[in-house]
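> with the sequence up front, the predicted model follows.
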Amino acid sequence: MRSRSLASLQKILILIAIVGLPWIVFMNVSFGQERKIDSMFLDLDKKYRFPEEWSMLPFELEDPYKRVKNGPPLANVISKANVEWISRWIANPKKVVSNAKMPNLGLDFEEIKAVIVFLSSLKEKEVPQITWDAFLLKKEDDLSEDEYDKMDKIYNNGKGVWGRARCTICHPIKGLGGNVGVGPDLGEITTKINRNWLYDWLGNTKNHFPDTMMAQFRFTDSDIRGIVEFVMRDTQFIPEEEEEEEDEEGEEKEPKSAEPEVQMLTEKEFDNIRKDTALVEKGRDIVEKARCFVCHDIKGISELMPVVEKKRDGLAGFEKLLYEIRCLSCHRIQNKGGTYAPNLTITGSKIHMSWEKEFLQAPDIIRPLSQQMPKFNLTEDDAKAAIEYIEKNLHTKEPLPNPFEGGAPPADVVAAGEKLFYEKGCNTCHAEGTKGGGVVGPNLQTVGDRLQPAYILYHLKNPQQANPQAVEPNFVLSDDELKSLVGFLADHVQNKEGNK
Ligand code: HEC
Ligand code: HEC
Ligand code: HEC
Ligand code: HEC
């Protein structure tokens, strides 16, 4: 769609931000102090990292990164991907999807045909056929003006949902994005899937792939229709057109890559051979010998290996939420899960639960430059289940020391903290309200609503302790300085005059 040039402008802006900002930071803040680590904080550090300090959890966390089969089940792949795509994929996965994990198994075209016929013989169920307005099945050029406008409305709605859902934090697109490191590149996804499959996948991922690492969003029908329109039409999901190169004389050159074209199985040829039982048997034999079942659940073949079926019917509360939303694809709790998002092991000692509950239902941007949590549309009950669990189970064994136990920080401490905040140059990275300031760190306007004072102290004492990658320097603050700053920041709450 026409947003192609906009998309590349966006890419450039993001690049500038990524490349440029660290320099701004380096120029404004002097690094290089000796990092003296207070022994009390080394002790606290263990609470993140050492099992003997963790609370006993009421159920065993399931680590999505430790799934038995790395690849998706193949029983219904024939309804998901078109045969041309499957034949190119098996021939050389990395040539089709840049970040593919599946190895090239060196099968030739005749073998690949047999494998595809075998896979199609496994089909267990049809993808439900969704009713689409007829014009939505037309190509863009064939739409009347009126139809175009209607389609465009759905498309733009989907673009918004796509953005809030932050699909690109897991999925790279033509090599860009995908920082979580778990989703396939979607840059050519329109050559693979169809709209009915996509609709069904987004509505219930686990129905297709029980162990998937993809989050199950709580989408409405119209959310999904929007995303489908956006994904099936936007140019970012279509292969780049080969640019025609001309040499100096203005003649067209041969395409640069001299690689032989991959042979593709066409729908027509597939139709001719799909019922061939000899091919089914040949395909089964190849699949067994190629050990496809090491990574894929394949009906009739997996029995060669013991399959551990996970029972998930009885899941409830936070355990159910963890499984459905796949919180641990991004977050880590104790020693399970990913490292992309903040470690949640001691969230109960870090965050005010009243803030947390709102955040889970409607995540706001905390850290502007880094990644943001997707909007999953959690219900109030979901959020309650999460809070209850976090309060009960995810905290430090000993409470962190709080300089203002049981009371608000006195006014003189707050005033001293404000002075220090600007003297120390915290504002090069943080704004704290309407006064302006840097955007490298989170805006601290309402940090007192979010972080418990004891945790602010813990953080300021040594930012690298809580997060070894933190760019915030260790200011080696004295106890008095710490107390003032904690007081100043704890006082930053929403319902305060002049702080709206
Ligand atoms: C070492 C593990 C491994 C082996 C062996 C393997 N695959 Fe895969 N396969 C994967 C992974 C992982 C994916 C998911 C996409 C990716 O690579 O990121 C995948 C994806 C696929 C897909 C696309 C499925 C979908 O739903 O999109 C097909 C088809 C497929 N594999 C077929 C095969 C066949 C046929 C064999 C044996 C000839 C095989 N694979 C062997 C790991 C493997
Ligand atoms: C938590 C990370 C994560 C998020 C967020 C996420 N996905 Fe995925 N998605 C995955 C993974 C991982 C797979 C592949 C299945 C697997 O390996 O579990 C996948 C598979 C897919 C596929 C099938 C791709 C293929 O080639 O088979 C599509 C389409 C897709 N996701 C679309 C989306 C959309 C649209 C969004 C946003 C609404 C989204 N995803 C958000 C992780 C994610
Ligand atoms: C696709 C990745 C992803 C998934 C899945 C995810 N989150 Fe997050 N979450 C993030 C990111 C990124 C942040 C940091 C947001 C920011 O700084 O703006 C975050 C922030 C948080 C925070 C605030 C933590 C802090 O220390 O500031 C909590 C609490 C949280 N998530 C809980 C959850 C829960 C519970 C789930 C499952 C229901 C979940 N998240 C699923 C990416 C994810
Ligand atoms: C070089 C830039 C930089 C400077 C200077 C800086 N910070 Fe930060 N600060 C950050 C970043 C980036 C984060 C987010 C850390 C993360 O994502 O874990 C942060 C986080 C914080 C947090 C929230 C911690 C959390 O986990 O949510 C507080 C409170 C804070 N800073 C206070 C201060 C104070 C007070 C000063 C001055 C003494 C200061 N910062 C100076 C970059 C900076």
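Good, I have the coordinates. Ligands and ions are numbered 1, 2, ... in the order given.

> how about the residues of the stretch 101-250 of the chain by ligand 3?
Neighbours of ligand 3 within the stretch 101-250 of the chain, by Cβ under 6 Å from any ligand atom: 169, 170, 180, 215. Backbone N, C-alpha and C define where each C-beta goes, glycine included.

> how about a cut-off of 5 Å?
Contact residues (Cβ under 5 Å from any ligand atom) of the stretch 101-250 of the chain with ligand 3: residue 215.

> what parts of the stretch 101-250 of the chain come near ligand 1?
So the stretch 101-250 of the chain meets ligand 1 at 101, 102, 105, 115 (Cβ under 5 Å from any ligand atom).

> whichever of the residues you listed end up buried, select them in ChimeraX.
Here the buried members of these are turned into a ChimeraX selection, burial being counted by 16 or more other Cβ atoms under 10 Å:
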select :102,105,115
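
> can you tell me which of the residues of the stretch 101-250 of the chain next to ligand 1 end up in helices?
Judged by DSSP state H, the subset of these located in helices is residue 115.

> from residue 339, how far off is the residue nearest in space to the middle of the chain?
By Cα atoms, centre = their mean, the chain has its centre lying nearest to residue 170, at 3.4 Å. Between residue 170 and residue 339 the computed distance is 14 Å (Cβ to Cβ, to the nearest Å).

> tell me the secondary structure for the residue of the stretch 151-300 of the chain found nearest ligand 3?
Going by Cβ to the nearest ligand atom, ligand 3 is nearest to residue 215 of the stretch 151-300 of the chain, at 4.5 Å. Following DSSP: H, G, I helix; E, B strand; the rest coil, we place residue 215 in the coil state.

> for it, which non-adjacent residue is spatially closest?
residue 326 (4.7 Å; Cβ to Cβ, 6 or more residues apart in numbering).

> tell me the contacts of that neighbour?
64, 212, 213, 214, 215, 216 (Cβ atoms under 8 Å, 6 or more residues apart in numbering).

> so the closest residue to ligand 2 within the stretch 351-500 of the chain, which of the three states?
Ligand 2 sits closest to residue 374 of the stretch 351-500 of the chain, with a gap of 5.4 Å, by Cβ to the nearest ligand atom. Under three-state DSSP, residue 374 falls in the coil class.

> dump the residue contacts of it.
Residues near residue 374 by Cβ under 8 Å, 6+ apart: 164, 165, 166, 167, 169, 215, 217, 363.

> go on, residue 447?
432, 456, 489, 492.

> pull the number of nearby residues for the closest residue to the last one other than its chain neighbours.
Translated: residue 492. Distance criterion Cβ to Cβ, 6+ apart; nearest residue to residue 492, sequence neighbours excluded, is residue 448 at 4.3 Å. A count of nearby residues for residue 448, using other Cβ atoms under 10 Å, gives 25.

> and residue 448, what element?
For residue 448, the element it lies in under DSSP states H and E is helix 447-450.

> that helix: how far from the chain's middle?
25 Å (Cα atoms, centre = their mean, to the nearest Å).

> please report how far the residue of the stretch 151-300 of the chain closest to ligand 3 lies from residue 375.
Distance from residue 215 to residue 375, by Cβ to Cβ: 11 Å.

> which SS class is whatever residue of the stretch 51-200 of the chain ends up closest to ligand 4?
Ranking the residues of the stretch 51-200 of the chain by distance to ligand 4 (Cβ to the nearest ligand atom) places residue 179 first, at 13.5 Å. With three-state DSSP as the basis, residue 179 sits in coil.

> correct me, but it touches residue 166?
No: under the criterion of Cβ atoms under 8 Å, residue 179 is not in contact with residue 166, lying 10.3 Å apart.

> which one's more surrounded, these two?
When neighbours are counted by other Cβ under 10 Å, residue 166 comes out ahead of the other of residue 179 and residue 166, with 19 against 13.

> can I take it that residue 151 is in a helix?
Yes: assigned with three-state DSSP, residue 151 falls within a helix.

> return the residues in contact with it.
Going by Cβ under 8 Å, 6+ apart, residue 151 touches 135, 136, 140, 143, 229, 233.

> state the pLDDT value of it.
Looking at residue 151, its pLDDT is 98.

> with the one 4 residues further on instead?
Residue 155 carries a pLDDT score of 98 in this model.

> before we move on, back to that, now do the phi/psi pair for the residue of the stretch 151-300 of the chain closest to ligand 3.
For residue 215, the backbone dihedrals (degrees, to the nearest 10) come out as phi -70, psi 140.

> please identify the buried residues of stretch 470-486?
In terms of neighbour count (16+ other Cβ under 10 Å), stretch 470-486 has its buried residues at 471, 472, 473, 474, 475, 477, 481, 482, 483, 484, 485, 486.

> how about residue 430, nearest residue that isn't a chain neighbour?
residue 441 (4.5 Å).

> mind checking the SS state of that neighbour?
Secondary structure of residue 441, per three-state DSSP, is coil.

> and it, how many neighbours?
Around residue 441 there are 23 other residues, counting by other Cβ under 10 Å.

> which residues does it contact?
The neighbours of residue 441, taking Cβ under 8 Å, 6+ apart as the test, are 367, 429, 430, 471, 472.

> enumerate the residues of the protein near ligand 4.
So far as Cβ under 5 Å from any ligand atom goes, the chain lies against ligand 4 at 25, 29, 367, 424, 426, 429, 440-441, 456, 459, 467, 471-472, 475, 485.

> in these, find the pair that's most separated.
Using Cβ to Cβ, these reach their maximum pairwise distance at 25 and 456, which is 20.9 Å.

> can you list the domains in the protein?
Listed domain ranges for the chain are 31-50+400-490, 56-66+313-393, 77-240+262-304 (source: automatic domain parsing).

> so how far does the shortest one reach from one end to the other?
So the one you mean is domain 56-66+313-393. Domain 56-66+313-393 has an end-to-end distance of 7 Å (criterion: Cα to Cα, to the nearest Å).
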